[in-house]
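Visitor: Show me the folded form of this:
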Amino acid sequence: MGWIFGYGSLMWYPGFPFQERRPARLRGYHRDFCMVSTRNRGTEQAPGLVLSLCPGGELVGMAYSYDPAREAEVFQYLDEREGLHRAHERCIVPIEFTDGAEPRGVPCWTYLPVITAPNYHGTMPIPKRAELVAQGCGKIGTSYEYLRLLMEELDKLNVREPALAELFDASRRLCEQLQAAGK
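Guide: Alright, predicted model coming up:
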């Protein structure tokens, strides 16, 4: 049995066949809206922002087990979705399940950012990130919707991330201003 760790939209929409779903912790990274999107949640004219990982800290996400006989199919889907070699690299990382039932260091696949990619911006200030989240709308939806769904999923897991909550509040205010202005 193989494992895949999701820290963003994979938590609520894995999109691949899985056998088991369990909350898990990844150490050494934290999640942030730091990847500019010009396809899925933005356009070239109005870029959006999506989630990725930044070095340092730790985070809780969702681990999914999959049937090794279906590994090629699972990775074909995920590699396209996660932008393999364009935005992310598929790597094995050690996770720990948050229920404590398994030992630490369970090997698990996840997608780590290509921090040298031109669309990776790990240190963008919150006002600029909120602007991109508020304006971003691409082929699968808005950046704001993505952030809202993430906050809902974190709430279900009872996970509090103050920096993301601050970005969510700032983005919501900008969306309300844009809506009031008829944009």
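
Visitor: okay, CA-based contacts and neighbour counts for the rest of this
Guide: Will do.

Visitor: Tell me which residues are up against the top helix by length along the chain.
Guide: The single longest helix within the chain, with elements called by DSSP state H, is helix 162-180. Helix 162-180 is contacted by residues 32, 126-127, 129-131, 133-135, 144, 147-148, 151 when judged by Cα atoms under 8 Å, 6 or more residues apart in numbering.

Visitor: Now, the residues you listed that are in helices?
Guide: 126-127, 129-131, 133-135, 144, 147-148, 151.

Visitor: could you pull out the helices for this protein?
Guide: Going by DSSP H, the chain shows helices at 71-82, 126-135, 143-156, 162-180.

Visitor: May I see these organised as a markdown table, with mean neighbour count, distance to V60 and mean pLDDT added?
Guide: Output for those, formatted as a markdown table (neighbours: other Cα atoms under 10 Å; distance: least, Cα to Cα, whole Å; pLDDT from 0 to 100):
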| stretch | mean neighbour count | distance to V60 | mean pLDDT |
| --- | --- | --- | --- |
| helix 71-82 | 14 | 19 | 95 |
| helix 126-135 | 22 | 22 | 96 |
| helix 143-156 | 18 | 8 | 97 |
| helix 162-180 | 15 | 14 | 94 |
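
Visitor: Contact partners for G105?
Guide: G105 makes contacts with 93-96, as judged by Cα under 8 Å, 6+ apart.

Visitor: Return the subset of those lying in strands.
Guide: 93-96 (DSSP state E).

Visitor: Just among those, which is most surrounded?
Guide: I95 (25 neighbours; other Cα atoms under 10 Å).

Visitor: In stretch 109-129, which residues are buried?
Guide: 109-115, 119-122, 126, 129 (16 or more other Cα atoms under 10 Å).

Visitor: Identify the farthest-apart pair in those residues.
Guide: W109 and I126 (29.7 Å; Cα to Cα).

Visitor: Make sure I140 is actually in contact with N40.
Guide: Yes: applying Cα atoms under 8 Å, one finds I140 in contact with N40, separated by 5.2 Å.

Visitor: okay, the two: which has more neighbours?
Guide: Between I140 and N40, counted using other Cα under 10 Å, the more crowded position is N40 (19 against 11).
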